[in-house]
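Asker: just coords:
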């Protein structure tokens, strides 16, 4: 089965800088990868999906890359703001029925 | 649209008690999922359903049961609650046709078993 690794240590950055979060998968190359945001006490919210044949995907200040050679996806938030502080989860499909395997998430803290 | 709703928000159970966590979605999604999330751990899939009347086990189904009699509702039943079932439970739904789709999550139910 797929194993997903995200940095469990919190990432602290200053407002205005670019935050970069890493998601590594260990086994087969997934057909796509999804990123979610989770605020404390709330359910995850979908942000972006990137397919294996896409090198990069952008949405406003968000950018996701997918490197099948490195078995890695990078999630970037440019011009970060305190409101971007949250835990970010990556997920890959597993088996049938569009089931997902989630990483443990990386907590991002953006300070003034 | 209310999206995915879950009740209750919080619940404390004694060991051996039973309860049902409710989940409903009003987006006409055919796929629904139940996850649990423990501190420092990723979301673990308990059960899922691809449509009314069809359910299947996920990664951690022991101690739980589900049913899906309608498209909208997907309740999760805990029988004989144990401390190991203390967790936050999330219900999610997804619309499936061709290609991958995102999952929509409910606000969660925080369950404590003592």
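Answerer: Cool, the structure landed. Just so it is clear, the model here is predicted, and its values are computed rather than measured. Numbers count the residues shown, from 1 in each chain, chains lettered A, B, ... in the order given.
Asker: so which residue of chain A comes closest to chain B?
Answerer: Nearest residue of chain A to chain B: residue A:43, at 3.2 Å (C-beta to the nearest C-beta). Bear in mind the C-beta positions are built from the backbone N, C-alpha and C, glycine included.
Asker: what's around that residue, how many residues?
Answerer: Residue A:43 has 23 neighbours, counted by other C-beta atoms under 10 Å in any protein chain shown.
Asker: now residue A:70
Answerer: Using other C-beta under 10 Å, the number of residues around residue A:70 comes to 11.
Asker: Look at it and give its secondary structure.
Answerer: Following DSSP: H, G, I helix; E, B strand; the rest coil, residue A:70 is assigned to coil.
Asker: and the residue nearest to it when sequence neighbours are not counted, what element?
Answerer: In this structure, residue A:70 finds its nearest non-sequential neighbour in residue A:24, 7.9 Å apart by C-beta to C-beta, 6 or more residues apart in numbering or on different chains. Here residue A:24, judged by DSSP states H and E, is contained in strand A:19-25.
Asker: which bits of chain A sit near chain B?
Answerer: Residues of chain A found near chain B (C-beta under 8 Å from any C-beta of the partner chain) are A:4, A:8, A:31-32, A:34, A:41-46, A:49, A:51, A:89, A:93, A:97-105.
Asker: repeat that for 10 Å
Answerer: A:1, A:3-4, A:6, A:8, A:30-36, A:38, A:41-49, A:51, A:89-91, A:93-105 (C-beta under 10 Å from any C-beta of the partner chain).
Asker: quick one on the thing from earlier: is the residue of chain A closest to chain B part of a helix or strand, or is it coil?
Answerer: When classified by three-state DSSP, residue A:43 comes out as coil.
Asker: mind showing which ranges of the chain have poor pLDDT?
Answerer: The chain I'm using is chain A. Judged against pLDDT under 70, chain A has no low-scoring part.
Asker: try chain B instead
Answerer: Checking chain B against pLDDT under 70 turns up B:98.
Asker: In it, which residue sits nearest chain A?
Answerer: Nearest to chain A, among the residues of chain B, is residue B:105, at 3.2 Å (C-beta to the nearest C-beta).
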